[in-house]
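I'll drop the sequence and a predicted model, then ask my questions.
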Amino acid sequence: MAQEQSFKALQEALIKFNSDRSWGQYHSPKNLSMALVSEATELMDEFMWLTEDQSRALTEDQRSLVRDEVGDVMICLLNFCHNAQIDPIAAAQDKILKNAKKYPVP
Ligand SMILES: [Mg+2]
């Protein structure tokens, strides 16, 4: 599946990026979980003080900033998952199944 290939390529590119900079020494689960929340907060900051309608109709500049933060969140999540040896796709698929049982269709 092409999507699986691009996801795997993204993971491998990120591993190389970190390895080239010897950043693994900083990548404990504790630090990476904190970095993930920090980046999620930066994403949230882009929406602070916007109305509901404004948040649904971002300008191109706002959308670019949001896109950058989505990238940061994804990178942090992938770094965390790599470090914790968690397959994020399988984790999400399993969680959807759990949620479907917890919240049945009315
Ligand atoms: Mg950021």
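Thanks, I have it.

tell me the residues of the protein that contact the ion?
Taking C-beta under 5 Å from the ion as the contact definition, the chain meets the ion at Glu39, Glu42, Asp72. The way it works is simple: take the backbone N, C-alpha and C, and place the C-beta from them, glycine included.

and the longest helix for the chain?
helix 60-84 (DSSP state H).

quick one: mean pLDDT for that helix?
Within the predicted structure, the mean pLDDT of helix 60-84 is 97.

got the contact list for the next helix or strand after that helix?
Once helix 60-84 ends, the next helix or strand along the chain (criterion: DSSP states H and E) is helix 88-102. For helix 88-102, the surrounding residues in contact (C-beta atoms under 8 Å, 6 or more residues apart in numbering) are Glu4, Phe7, Leu77, Leu78, Cys81.

gap between the residue nearest the centre of the chain and Gln25?
Most central residue of the chain, judged by C-alpha distance to the mean C-alpha position with C-alpha atoms, centre = their mean, is Met74 at 2.5 Å. For Met74, the distance to Gln25 (C-beta to C-beta, to the nearest Å) stands at 22 Å.

what's the answer for Glu52, then?
Noted for Glu52: a distance of 43 Å to Gln25, by C-beta to C-beta.
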